[in-house]
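# what follows is a protein structure lacking sequence information:
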Ligand code: PMP
C-alpha cells in the first residue's frame with residue numbers, strides 16, 4: 001500500500017477553498033495612520049481594524065515605546081520566570097488590576113495564548129466547560145487542549161446553559177463566554193450568566209477582548225458596565241491589541257488564580273515575555289484609555305450615526321451597540337464581491353466567511369473607531385447605498401427579524 005501524501009491533501013483542500021471562494025488574501029499594509037491605510041500604493045479609508053479608540057498611532061504612546069526601547073532595549077530576552085519579567089511588566093500588571101477592579105493581573109503575549117493558559121490551568125480531563133457557540137476560536141481550542149468535556153450552547157441562550165449545567169451536577173465546571181462577540185458585536189447576557197453560575201456553583205470566565213476600552217467607567221469593559229465584580233466573574237481576560245492600541249493580553253482575578261497561572265499556564269511559562277518597551281507603551285495607552293472619556297463618547301456617537309444611516313438604507317444589521325457592526329449577507333461570494341466593490345470606491349471593509357463564521361452567515365464586518373470622522377461614516381454609508389442591491393436589503397432584513 002502506498003502512503004498518501006500530506007501535500008496532496010493540502011492541494012486538494014486549497015482547490016476546494018478556491019472553488020468555494022473561501023481563500024483569504026494576505027496583503028501588506030505600507031502605512032497605517034489610524035483610519036486610513038495604504039496598500040500597494042493606494043490610500044483606503046479602513047473600517048476593519050480593532051483600533052477602536054484610535055490609539056495605535058498616538059504620539060504619546062509611540063514616544064513611550066521609543067523611550068523605553070532606549071532604556072531597556074527591544075527584546076525581553078527570556079520568559080517571565082527566567083529573567084524576562086521587567087519592572088515595566090510588573091507596573092502594567094498592577095495598573096491593569098486596578099483598572100478592572102481585580103486583585104491581580106497577569107500579562108500574556110497574546111489573547112490567544114491567555115485563553116489557552118487559563119483553560120489548561122483551570123480544567124482537567126473529566127471536567128465540564130460550557131461555552132457559547134459564537135465564542136472566539138481560542139476559547140474552543142483551549143478547551144480541547146485542557147481535555148475537559150465541551151458543551152456548546154446556542155448563542156446567548158441562558159436556558160440552554162442552565163440545562164447543560166444541570167445535566168452534570170457532579171462535575172467541576174467553567175462557563176466561558178465572550179463579553180462582546182467578535183463577529184456579531186452583541187454583548188453576552190452577563191448578569192444572567194453570573195446569576196446562573198452562582199446557583200450552579202460554576203466559575204464564570206469572560207473574554208472581554210472587544211469590550212474593554214469601549215464600555216464601562218474609564219473603559220473598564222462590559223463586565224464592569226454590567227455592574228459585575230471579581231466575585232461574580234472570577235476570571236476576566238482581555239486583549240491589549242484592540243481598544244488599548246498596543247499588543248498582548250491579560251487575565252485578571254484573585255491572587256490565587258494569578259499564582260496558579262504563573263505556575264501552570266504553559267502558554268505563559270514556555271514563551272518569551274513581551275518586550276518591556278511594549279509594556280511601557282501600554283502603560284501610557286492605558287492612562288489615555290482611562291482618562292479620555294471623549295474618545296468613547298465620540299466612538300459611541302459614530303456607532304449611532306452609522307446604525308441610524310444603515311437602518312434607513314434597510315441594511316441587515318444585528319443588535320449591536322459595540323464598535324463591531326456587521327452587515328449580514330449570507331453567501332460568501334456575495335460578501336466578497338461587495339468588499340471588492342467597496343474597495344474600488346476606496347473603502348476597506350473585510351468580508352468574513354466560513355470557517356470564521358458558520359456556513360451561510362458570511363458578512364461584511366464593519367468596525368468603527370474614534371479615529372473616524374462623521375464624514376468618514378457618511379462616506380461609508382453612501383458607498384454601501386451604491387453597492388448593496390435593494391433586493392438584498394429587504395430580504396435579509398426580514399430574515400434577521402424572524
Ligand atoms: N478573544 C477574542 C474575543 C478575540 O476577538 C481575539 C482576537 N481576535 C482574541 C481573543 C485573541 O487575541 P489576540 O489577537 O491578542 O491573540
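Done, it's in. These numbers were taken from a predicted model, which means no experiment stands behind them.
# from the ligand, how far off is the residue nearest to residue 202 when sequence neighbours are not counted?
Leaving aside its sequence neighbours, residue 202 sits nearest to residue 173 (Cβ to Cβ, 6 or more residues apart in numbering; 4.4 Å). Yep, even glycine has a C-beta here, placed from its N, CA and C like the rest. Between residue 173 and the ligand the computed distance is 21 Å (Cβ to the nearest ligand atom, to the nearest Å).
# pretty sure residue 173 sits against residue 130.
Yes. Contact criterion Cβ atoms under 8 Å: residue 173 and residue 130 qualify, at 6.5 Å.
# residues in contact with the nearest residue to residue 229 once chain neighbours are set aside?
Excluding the flanking residues, the one nearest residue 229 by Cβ to Cβ, 6+ apart is residue 101, at 6.3 Å. Counting by Cβ atoms under 8 Å, 6 or more residues apart in numbering, residue 101 makes contact with 220, 224, 229, 230.
# ok, back up a step: and residue 173 and residue 130? Which one has more around it.
Neighbour count, other Cβ atoms under 10 Å: between residue 173 and residue 130, residue 130 has more, with 27 against 22.
# wait, isn't residue 83 in contact with residue 272?
No. Taking Cβ under 8 Å as the definition, residue 83 is not a contact partner of residue 272, at 11.0 Å.
# what's around the closest residue to the ligand within the stretch 251-400 of the chain, how many residues?
Taking Cβ to the nearest ligand atom as the measure, the point where the stretch 251-400 of the chain comes nearest the ligand is residue 324, at 9.4 Å. By other Cβ under 10 Å, 23 other residues sit near residue 324.
# so it touches residue 211, yeah?
No. Taking contacts as Cβ under 8 Å, residue 324 lies outside contact range of residue 211: 10.5 Å.
# which residues are in contact with each of the two?
residue 180.
# next up, the contacts around whichever residue of the stretch 51-200 of the chain sits closest to the ligand.
Residue nearest to the ligand within the stretch 51-200 of the chain: residue 111 (2.3 Å; Cβ to the nearest ligand atom). Going by Cβ under 8 Å, 6+ apart, residue 111 touches 136, 138, 207, 209, 237, 238, 239, 241, 249.
# you'd agree the fourth one is in a helix?
Which is residue 209. No. Judged by DSSP: H, G, I helix; E, B strand; the rest coil, residue 209 forms no part of a helix; its state is coil.
# wouldn't it be in contact with residue 236 here?
No. Using Cβ under 8 Å, residue 209 makes no contact with residue 236, being 10.9 Å away.
# mind checking which of those two has more residues around it?
residue 236 (30 against 25).
# and residue 227, how many neighbours?
Neighbours around residue 227, by other Cβ under 10 Å: 11.
# quick one: it from the ligand, how far?
Residue 227 is 21 Å from the ligand, by Cβ to the nearest ligand atom.
# check the secondary structure at that residue for me.
Taking three-state DSSP, the label given to residue 227 is coil.
# right, and it touches residue 191 too?
Yes. Contact criterion Cβ under 8 Å: residue 227 and residue 191 qualify, at 7.4 Å.
# of the contacts of residue 101, buried ones?
220, 224, 230 (16 or more other Cβ atoms under 10 Å).
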